[in-house]
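S.K.: Pasting the sequence and the predicted model now:
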Amino acid sequence: MATATFNGKVIAESDDTTFVEGNHYFPLDTLDMSVVSKTDRTTFCPWKGDASYFTLEVDGQVAENAAWYYEQPKEGAEDVAGRVAFYGVVTVTA
């Protein structure tokens, strides 16, 4: 079971993560949506496509754009479809 924790709160947990480029990608439906807000930030990965971002807020602590996901990953990156990963401010244990 992999667990993602921010500011002492579990924000995602699953035994079905995909490990890509050093990051655990959790199913989006395991993310605690009460602690995230979608942002306008986007980035581009040459092989995965356009990434969208969430900001996290737990007990007043905010991590801007700390979670990302690919709404429509490119061909060959289907493993990350419908999944979310986190920057280092989130502790992920597996």
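M.R.: That came through, no problem. Numbers count the residues shown, from 1 in each chain.

S.K.: tell me the contacts of Val62?
M.R.: Going by CB atoms under 8 Å, 6 or more residues apart in numbering, Val62 touches 55-56. Yep, even glycine has a C-beta here, placed from its N, CA and C like the rest.

S.K.: Three-state assignment for it, please.
M.R.: Going by DSSP: H, G, I helix; E, B strand; the rest coil, the secondary structure assigned to Val62 is strand.

S.K.: For it, give the beta-bridge partners.
M.R.: Glu57 (DSSP bridges).

S.K.: any idea how far it lies from Ala2?
M.R.: Between Val62 and Ala2 the distance, using CB to CB, to the nearest Å, works out to 23 Å.

S.K.: what residues does stretch 41-51 touch?
M.R.: The contact list for stretch 41-51 (CB under 8 Å, 6+ apart) reads 52-53, 65, 68-74, 76-77, 80.

S.K.: Out of those, flag the one nearest to Thr39.
M.R.: Taking CB to CB as the measure, Thr39 lies nearest Tyr53 of the contacts of stretch 41-51, at 4.8 Å.

S.K.: Doesn't the closest one belong to a strand?
M.R.: Yes - under three-state DSSP, Tyr53 falls within a strand.

S.K.: how much space between it and Phe86?
M.R.: According to CB to CB, Tyr53 stands 11 Å off from Phe86.

S.K.: Neighbour count for the two, which is higher?
M.R.: Neighbour comparison, Tyr53 and Phe86: the larger count goes to Phe86, with 24 against 20 (by other CB atoms under 10 Å).

S.K.: Leaving out the residues flanking it, which one is nearest to the more buried one?
M.R.: Spatially, and ignoring its direct neighbours in sequence, Phe86 is nearest to Ala67 (5.1 Å; CB to CB, 6 or more residues apart in numbering).

S.K.: what's the weakest-modelled helix or strand in the chain?
M.R.: Ranking every helix and strand in the chain by mean pLDDT, DSSP states H and E puts strand 18-20 at the bottom, with a mean of 94.

S.K.: residues touching the residue lying closest to Gly82 once chain neighbours are set aside, list them.
M.R.: Closest residue in space to Gly82, ignoring its immediate chain neighbours: Leu28 at 5.4 Å, by CB to CB, 6+ apart. Taking CB under 8 Å, 6+ apart, we find Leu28 in contact with 69, 82-84.
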